[in-house]
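Fold the stuff below for me.
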Amino acid sequence: SPEDYDGIRARRNIYEEAMAKIEDERFEVDMAIERNASAMRQVEPLAEEVAVLRKNEETDGQPIGRLNYTPRPRSLHSNHVGAIARLYGDRGDEVLHHLMRNPIAVLPIVFKRLREKDNEWRRVRTEMSKQWRAVAET
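The predicted model follows:
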């Protein structure tokens, strides 16, 4: 009866369940890719800046590590910090701690890891798209 309806269909058929699952999976993969891409866009200029500083330091004949570089305030927002932490799982907080304490050493590593994960997640999305297509066509 209309009075008992709470806005959610109580029953779904198998096809609707499969489509809802595909939609949820696609959303999760797309969000992971976008979070990672956003963090990459923020970290890339910082990593390039650090690379230039390191190169200049080496060409000046100075010992590496002499520079005390700190990223500009608010250069990484909470969603970027979260994306970096997610990359490293349980060690995410530790990596973020090192990133803030020694960005010259850690930024290039984090940027490389962001690129690797971006490629990996895009590959996963391509592979899963084939599975999703097969399920949707049955």
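
Please work out the average pLDDT along the strand or helix carrying Ala134.
Secondary structure from DSSP states H and E places Ala134 in helix 103-137. Average pLDDT, helix 103-137: 91.

Please apply the same query to stretch 78-94.
Averaged across stretch 78-94, pLDDT comes to 90.

got the end-to-end distance for that stretch?
From its first residue to its last, stretch 78-94 covers 16 Å (C-alpha to C-alpha, to the nearest Å).

How about residues contacting it?
Here stretch 78-94 makes contact (C-beta atoms under 8 Å, 6 or more residues apart in numbering) with 35-36, 38-39, 42-43, 76, 95-96, 99, 110, 113-114, 117. In short, each C-beta sits where N, CA and C put it, glycine included.

Pull out the buried positions in it.
His80, Val81, Ala83, Ile84, Ala85, Leu87, Gly92 (16 or more other C-beta atoms under 10 Å).

other SSEs contacting the biggest helix by length in the chain?
Ranked by number of residues, the top helix in the chain under DSSP state H is helix 14-59. Applying 3 or more C-beta pairs under 8 Å, 6 or more residues apart in numbering; DSSP states H and E, we find helix 14-59 packed against helix 78-87, helix 103-137.

Please compute how far the shortest one lies from its chain's middle.
Centre-to-centre, helix 78-87 and its host chain are 7 Å apart (C-alpha atoms, centre = their mean, to the nearest Å).

which is the next helix or strand following that helix?
Where DSSP H and E defines the elements, the next helix or strand beyond helix 78-87 is helix 92-101.

about what we covered before: show the average pLDDT along the longest helix of the chain.
Computed over helix 14-59, the mean pLDDT rounds to 88.
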